[in-house]
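Asks: the sequence and its predicted three-dimensional model are supplied below.
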Amino acid sequence: MTPRIFRAPGRVNLIGEHVDYSEGFVLPAAIDFASTVAITPRLDRRIHVHSRQFGEAVEFPLENPGDFEFGHWSCYVRGVAAKLEEAGCVLMGADLAIDSDVPMGAGLSSSAALEVSVALALATVSGFVLPGLELARICQSAEHEYAKTRCGIMDQFIAVNGVEGHALLLDCRSMEHKSVPIPPAVRMIVCNTMVKHQLAASEYNNRRKDCEEAARIIGVRSLRDAPEIPDNLSGNPRRRAQHVLEEIARTREAAAALISGDLTQFGSLMNASHASLRDLFEVSCVELDTMVEIARRQPGVYGARMTGGGFGGCTVNLVDAGAVLGFRETVEREYFTCMGIKPQIYVSAAAAGARELT
Ligand code: GLA
């Protein structure tokens, strides 16, 4: 039997960082890097899965996908299978071969790409067509329980719903979304610092706790509802809340600027977002700050900021199409001079969301 092939992309977030789990607004775009799954159904209820990246195979029965080591790549596959079944999709067993070119641990959502590609593959061959939002939520809950990261909905949502040539303004409360074209005169350049600091997952969960604590003290369901920062809020919860409130406002403003073609305004909002993530939310690091500073000195750069969860990973830069070559060469050289690390620099178009390849 010829396998069917499914693909789901990674993402960059242009602005709206660490606000999805406070029900704010985000503006991500899917990228050209993706996770690809070749799938053939089996007659028993077993999943056999091979990862090309890890050169390793794993198998488990659908009745009991939960027996695994945390942190292992297969936890995403097990989690997605378990969550699909919990949602009422009785799955067929399957042989899966997974390949991905989304850089791992780089803040480009390689895990959401993996989850969504596997979920779409398993559901489709078993005869289920799920609404996009449900698919994204199933993958998000797999990540919560099987990878122990209490992520928001942004990464899985954009992996499902990405639109070629567009970023997506997503309201993480109502889940209404609107695609916003990326002007043809600019390119999204992603610079990988090549570092991933140890504490990324636990610190992510800590930041989320700080935001929940701030919302509790203010007396609102989530920080999205806080009209302002009250005087009795102090310390970390105060700083986190200030970031969230300002970042939500910045993101709405940035989307309007992108729609009206005001790239200068858009870029300065990106820069302000980085400063806030560094100083108030405290999820940046010296490598990200250095990368952003170098980038901003280059001609044709509108804005530069860290993207994704932080503590290493990538920056996203909005750069004039004509300035891309010079940017790449200089940033690569100067980052190496400062940090002693050769970065990876990717120029990516905004890509489409998950689909079956025919
Ligand atoms: C990670 C999470 C997202 C989001 C970002 C920060 O990518 O998976 O839900 O919270 O961090 O904006």
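Replies: In hand now; what should we look at? Numbering: from 1, shown residues only.

Asks: do a quick rundown of the helices in the stretch 51-200 of the chain.
Replies: Secondary structure of the stretch 51-200 of the chain (DSSP state H, counting those that start in this stretch): helices at 74-86, 110-125, 132-146, 154-161, 200-218.

Asks: near residue 100, how many residues? Count them for me, please.
Replies: Around residue 100 there are 23 other residues, counting by other Cβ atoms under 10 Å. In short, each C-beta sits where N, CA and C put it, glycine included.

Asks: any figure for the gap between it and the ligand?
Replies: 16 Å (Cβ to the nearest ligand atom, to the nearest Å).

Asks: likewise residue 246?
Replies: According to Cβ to the nearest ligand atom, residue 246 stands 14 Å off from the ligand.

Asks: now do the contacts for the closest residue to that residue other than its chain neighbours.
Replies: Nearest non-adjacent residue to residue 246, counting by Cβ to Cβ, 6 or more residues apart in numbering: residue 276, 6.1 Å away. Residues in contact with residue 276 (Cβ atoms under 8 Å, 6 or more residues apart in numbering) are 242, 243, 246, 247.

Asks: which one of these sits in the busiest neighbourhood?
Replies: When neighbours are taken as other Cβ under 10 Å, the top entry among the contacts of residue 276 is residue 243 (29 neighbours).

Asks: deepest in the core, which of the helices of the stretch 51-200 of the chain is it.
Replies: Highest mean neighbour count among the helices of the stretch 51-200 of the chain (mean count of other Cβ atoms under 10 Å): helix 154-161, with a mean of 29.

Asks: contact partners of it?
Replies: 8-11, 13, 16, 20, 26, 28-30, 109, 111-113, 115-116, 132-133, 135-137, 139-140, 143, 168, 170, 172, 175, 177, 353-354.

Asks: recalculate using a threshold of 7 Å.
Replies: With contacts defined as Cβ atoms under 7 Å, 6 or more residues apart in numbering, helix 154-161 is touched by 8-9, 11, 13, 20, 26, 28, 30, 109, 112-113, 115-116, 132, 135-136, 139-140, 168, 170, 172, 177, 353-354.

Asks: kindly report the same for stretch 306-316.
Replies: Contacts for stretch 306-316 (Cβ under 7 Å, 6+ apart): 12-14, 106-109, 188, 190-193, 195-197, 199-200, 203-204, 274, 277, 283-285, 287-288, 291-292, 295, 304-305.

Asks: same question for stretch 294-304.
Replies: With Cβ under 7 Å, 6+ apart as the test, stretch 294-304 has contacts from 186, 191, 263-264, 266-268, 270-271, 292, 315, 317-320, 322-323, 326-327, 330-331, 334-335.

Asks: go again using 8 Å as the cut-off
Replies: 186, 191, 263-264, 266-271, 274, 291-292, 315-320, 322-324, 326-327, 330-331, 334-335, 338.

Asks: now the residues you listed: which count as buried?
Replies: Buried subset of those (neighbour count, 16 or more other Cβ atoms under 10 Å): 186, 191, 263, 266-271, 274, 291-292, 315-320, 323-324, 327, 331, 334-335.

Asks: looking at the residues you listed, which are in strands?
Replies: If you go by DSSP state E, the buried ones among the contacts of stretch 294-304 have 186, 191, 315, 316, 317, 318, 319, 320 in strands.

Asks: quick check: bridge partners of the residue lying closest to the first one once chain neighbours are set aside?
Replies: What it means is residue 186. Excluding the flanking residues, the one nearest residue 186 by Cβ to Cβ, 6+ apart is residue 318, at 5.3 Å. Beta-bridge partners for residue 318, by DSSP bridges, are residue 188, residue 303.

Asks: re earlier: how about the helices of the stretch 51-200 of the chain in CSV, adding mean pLDDT?
Replies: As requested, those are exported to CSV (pLDDT from 0 to 100):
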stretch, mean pLDDT
helix 74-86, 97
helix 110-125, 98
helix 132-146, 97
helix 154-161, 98
helix 200-218, 95
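
Asks: for the residue of the stretch 251-358 of the chain found nearest the ligand, helix, strand, or coil?
Replies: Using Cβ to the nearest ligand atom, the single residue of the stretch 251-358 of the chain nearest to the ligand is residue 309, 3.6 Å away. Here residue 309 is recorded as coil under DSSP: H, G, I helix; E, B strand; the rest coil.
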